[in-house]
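K.L.:
return a 3D structure for these sequence lines:
(chains A and B)
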Amino acid sequence: MRVVKLALWFMVKNFVNSVKRQWKIYLGLGIFIAAIVLIGFIADNFGSASEEPGANTEISEETEEPYVPNPQLDLVIDDDGCILYENGEIYDIGSLITAAVGCVVVWIFIVLGIVGGSKNGVNIFDMQDVNFLFPAPIKPQSVLLFKMICQIGTSLMGSLYILYQIPNLINMGMNIWGALLLVIGFIVLTMVNKFIGVFSYIFLSRRENLKKFVGKYGFCFMALPIAIPAVLHFGLGLGIYESLNTVFGSVGAYCIPFVGWLMAYTVYAVSGEYLLCGLFMLLTLVGTGLLISVTWRMDCDFYEDAFANAIVLEDAKEQIKYAAAGGMSYGVKHEGRAGKVWEKRRNKKLSFEGYEGASVFFAKTILNRKRMYRLGGLWSSTASVYFWICTGAGLFMRFIVKEISPLALTLVPMFICLVCMFFRSFFNPLQQDLSHNFIYMIPESPFALIGWGMGGQVLDGALDLIPATVVISVISLHPGYGLSCGLLLLSMHVFFGMTALLVNLIISSYLPKILSNILQGIVRMLPFFPVVLAFILGLFAGNVYIAFLGVILVNVCVSLLVYIPCPFFLHSGKR
Amino acid sequence: MLVVSHVTKRYNKEKACDDVSFTLTDGGINVLLGPNGAGKSTLMKSIIGFLKYEGQITVNGYPNKSVEAKRFIGYMPEIPSLYENLTVSDHMEFVARAYRLKGYEAYRDELLARFELDDKLKKFGNELSKGMQQKLSLCCALLPRPSLLLMDEPMIGLDPHAIKEMKKLMNQMREEGQTLFISTHIIDSMDMLWDRAIIMQKGCIKGNVSRQELEAEGKTLEQVFFEITEGLHAEDMRDADMTSAAEGAKSEKPGQEER
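P.N.:
Presented below is the predicted three-dimensional model:
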């Protein structure tokens, strides 16, 4: 309890002091948010007032023929959603899909928590924590609890931008309570992810062999939500939807700790069964409390690991400060196998020949890529992520769901890549350049400096998307769609990068990162409706390429609009 | 007070501390000396409980990593690291809460006034100069009135006034029966203060001398240090002093080029 009080005191003090120091920014943010809410309110009322009474009344003149279900497989759309008949059984498709999506998201978070925890469960401590908390008469587990509570507070603040998804969810047909519950569920999930990470670290810290196994192969377990239904369908001969229902829709599945509980929570939040929703949230919270309790009682000695990580973090911060003051950063020393890899990278012959002026920033990005990544700079970790997402999603759609439409085979992987891209791109793409004096000293126009710098990032993004584009083209058997998808993702990457740059240039470096993320989240939502509208209009025009082109044009235009003010903030952005 | 028994700390295959054993009794200023890489920081951090090691370290009979032992220990790091969004007074309050201190306000005000931080209560951690951060770090270490205060290079970054105050404080703590254990390179700064010196080299303790023993032999701490670490004797040191003094005199002569 004492540690909880200390953590709450610490968080409140930090927040209050941060607001006192940067009250102008907080005030500006508040006004900005209020303006958006007001505009939304006015638009909503204006839209309602302009509708003619009775316009929504639908008169069905079709005569319905009596329905005779196909005992093998048949789809019936009724008032509540899709009902599927398979082998004589009835499955609620809407509920099944919700449960599947909920399960996959929760499972990914949990696996990431376990694997991440096995590697760096205690790199949440700074040097300040080491100097003040570690010598204090507090149990190590309590110190860990203190930091976890602070981290959760920060995560909660950083998740506030999720609230802006509520109107989107409502527009998709969900009621406001369901939307709110989903947002709450997501926030709880991020907390559970952190606690599981810490539990994983402490549990594995005394089991080295298991730790190595989890670290190396843990990510493979992410495929379980897909693998189990596949085994049931292909191995035991169950129907597809019967297999999916066994994993995602059965009562047994809902009993699995955390995964099942949050999956059930999602299903009942969407379907409006709030009592059951509340029950599963309660189970999750009780489970989390038990997890914290077990973690707190485990024997652990993590101070040395935390101390070593804190030194590395502090060293990196000092290097950035030193570099910003005009010094050269010396990098991190790599040992063993990593040292040999870095030696090979250092010895690669690369040159800036042909580039001068602001274009050196463009060249730097490309040369770094060639130096750091395999296949001549093509195969980066980001490229790998998109590649595997598209491969997994595409193969699932083609061979499990048995979808043959090229458009569906393109859109599903593209959408997943988009979600991944959204969360991976909150950092400032020119952070490294802006933290040094160099960029401010070159006698070039700020427009050129920013333009070439971002040009390098655009090419970087394009190269990252090449493997994914190829995969989509192959799986959908439609290179045109694949290429269009790749270009659309690139335009989104550019837009996200520009918003991150602008927000980081405007906001002081002393502000908490979460505020930058909140602002970015808000700014990124601005073109959401034009983008969706452009896509829908294109589809209704009967030409998918027009839809893709519409979205790309909207992104490019908005990106240009966001780019224009950036150079004016360049010199105020020195970190 | 502090018993270090057969402590060995390895980093991969290298021993940073090799079978180190010594005891510190209640009260007194104890100095840990040694060249770079001797293992002083590793030993200090092992005592505080940051590192895993082989052997045993106890404070007043309790294992050093236990909560009971930490009630007796205070720590001042070599490089101060403060929270950016906490003020000077917030830092002191944070320490008071972490250590469950009651009625600490008067002593807090006394410490802050002593080290000229009383007019900087509202300043944030990252707004203080390096020297002020060092002073605040010291105040935070002293606030719980620890029986055993561990200090890693405490004089670095302090102005003359602060150094004077620190020495006064050290004397006062010694008189009150508190034990200080100070790791430092600057032998001169501790010359009139120390009661016991532990000299390390290459991870081992090479010397453990008390002031009385040295004074009885007519030696200084510096002499003993160089004797142990470099094998220099008093005559060698006198010659070395004369050579460096002569070189200094030559370079001061007007019109002469530097070599």
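
K.L.:
and residue A:568, how many residues sit next to it?
P.N.:
Neighbour count for residue A:568, taken as other CB atoms under 10 Å in any protein chain shown: 13. Any C-beta I mention is one placed from the backbone N, CA and C, and that applies to glycine too.

K.L.:
measure it to residue A:457 for me?
P.N.:
Going from residue A:568 to residue A:457 by CB to CB, to the nearest Å gives 19 Å.

K.L.:
name the nearest residue to residue A:10, ignoring sequence neighbours.
P.N.:
What sits nearest to residue A:10 in space, not counting adjacent residues and going by CB to CB, 6 or more residues apart in numbering or on different chains, is residue A:150, at 6.2 Å.

K.L.:
what helix or strand is residue B:57 on?
P.N.:
If you go by DSSP states H and E, residue B:57 is part of strand B:54-59.

K.L.:
my bad, should have said residue B:80
P.N.:
Counting by DSSP H and E, there is no helix or strand that carries residue B:80.

K.L.:
same question, the one 4 residues further on
P.N.:
In this assignment (DSSP H and E), residue B:84 forms part of neither any helix nor any strand.

K.L.:
can you read off the pLDDT for residue 20?
P.N.:
By default, I'm working from chain A. For residue A:20, the pLDDT comes out at 80.

K.L.:
could you do chain B instead?
P.N.:
The model's pLDDT for residue B:20 equals 93.

K.L.:
check which helix or strand the closest residue to it other than its chain neighbours maps to.
P.N.:
Distance criterion CB to CB, 6+ apart; nearest residue to residue B:20, sequence neighbours excluded, is residue B:7 at 4.7 Å. Assessed by DSSP H and E, residue B:7 sits inside strand B:2-11.

K.L.:
contact partners of that strand?
P.N.:
Under the contact criterion CB atoms under 8 Å, 6 or more residues apart in numbering or on different chains, strand B:2-11 has outside partners B:15-24, B:39, B:42-43, B:46-47, B:51-59, B:148, B:179, B:181.

K.L.:
spell out the secondary structure type for the nearest residue to residue B:190 once chain neighbours are set aside.
P.N.:
Of all residues not flanking residue B:190 in the chain, residue B:31 sits nearest, at 5.1 Å (CB to CB, 6+ apart). Of the three states, residue B:31 takes strand according to DSSP: H, G, I helix; E, B strand; the rest coil.

K.L.:
quick one: low-confidence ranges for the stretch 1-150 of chain A?
P.N.:
Scanning the stretch 1-150 of chain A for pLDDT under 70 picks out the ranges A:24-26, A:28-29, A:32-33, A:36, A:40, A:43-91, A:120-123.

K.L.:
can you map out the helices along it?
P.N.:
A:2-21, A:23-50, A:93-120, A:127-132, A:140-158 (DSSP state H, counting those that start in this stretch).

K.L.:
pick the most deeply packed of the ones you listed.
P.N.:
helix A:127-132 (a mean of 22; mean count of other CB atoms under 10 Å in any protein chain shown).

K.L.:
show me what that helix is packed against.
P.N.:
Contact analysis of helix A:127-132 by 3 or more CB pairs under 8 Å, 6 or more residues apart in numbering or on different chains; DSSP states H and E lists helix A:303-324, helix B:88-98 as its packing neighbours.

K.L.:
please work out the average pLDDT along the shortest one.
P.N.:
Model confidence over helix B:88-98 averages 92 on the pLDDT scale.

K.L.:
coming back round to it: tell me which of the helices and strands packed on helix A:127-132 sits most buried.
P.N.:
A comparison of those by mean neighbour count, using mean count of other CB under 10 Å, puts helix B:88-98 on top with a mean of 21.

K.L.:
ok and it relative to helix A:140-158, angle-wise?
P.N.:
Put simply, helix B:88-98 runs at 130 degrees to helix A:140-158, going by axes from the mean of the first three to the mean of the last three CA atoms, to 10 degrees.

K.L.:
restrict helix B:88-98 to CA atoms and write it as PDB.
P.N.:
What follows is helix B:88-98 as a C-alpha-only set of coordinates in PDB (Å, rounded to 0.1, in the frame of the first residue of the first chain):
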ATOM      1  CA  VAL B  88      14.400  20.400  -5.000                       C
ATOM      2  CA  SER B  89      11.800  20.200  -2.200                       C
ATOM      3  CA  ASP B  90       9.900  17.400  -4.100                       C
ATOM      4  CA  HIS B  91      13.100  15.300  -4.200                       C
ATOM      5  CA  MET B  92      13.500  15.600  -0.400                       C
ATOM      6  CA  GLU B  93       9.900  14.700   0.100                       C
ATOM      7  CA  PHE B  94      10.300  11.700  -2.200                       C
ATOM      8  CA  VAL B  95      13.200  10.400  -0.100                       C
ATOM      9  CA  ALA B  96      11.300  11.100   3.100                       C
ATOM     10  CA  ARG B  97       8.300   9.100   1.900                       C
ATOM     11  CA  ALA B  98      10.500   6.300   0.600                       C
END
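
K.L.:
name the residues of the next helix or strand after that helix that are buried.
P.N.:
As assigned by DSSP H and E, the chain's next helix or strand after helix B:88-98 is helix B:105-114. Of the residues in helix B:105-114, B:107-108, B:111-112, B:114 count as buried by neighbour count, 16 or more other CB atoms under 10 Å in any protein chain shown.

K.L.:
same check on stretch A:453-462?
P.N.:
Per 16+ other CB under 10 Å, stretch A:453-462 contains these buried residues: A:453-458, A:460-462.

K.L.:
repeat that for stretch A:438-457.
P.N.:
Judged by neighbour count using 16+ other CB under 10 Å, the buried positions of stretch A:438-457 are A:439, A:444, A:446, A:448-457.

K.L.:
low-confidence stretches in chain B?
P.N.:
Along chain B, the parts satisfying pLDDT under 70 run over B:232-259.

K.L.:
can we see that at 80?
P.N.:
For chain B, the stretches flagged by pLDDT under 80 are B:12-13, B:156-157, B:185-186, B:188-192, B:229-259.

K.L.:
ditto for the stretch 251-400 of chain A
P.N.:
The model of the stretch 251-400 of chain A has pLDDT under 80 over residues A:296, A:299-301, A:312-353, A:376, A:400.

K.L.:
try it again at 90.
P.N.:
Within the stretch 251-400 of chain A, the stretches with pLDDT under 90 are A:251-260, A:262-264, A:266-274, A:276, A:288-289, A:291-382, A:384-385, A:388-389, A:392-400.

K.L.:
return the residues of it in contact with chain B.
P.N.:
A:301, A:303-304, A:307, A:314 (CB under 8 Å from any CB of the partner chain).
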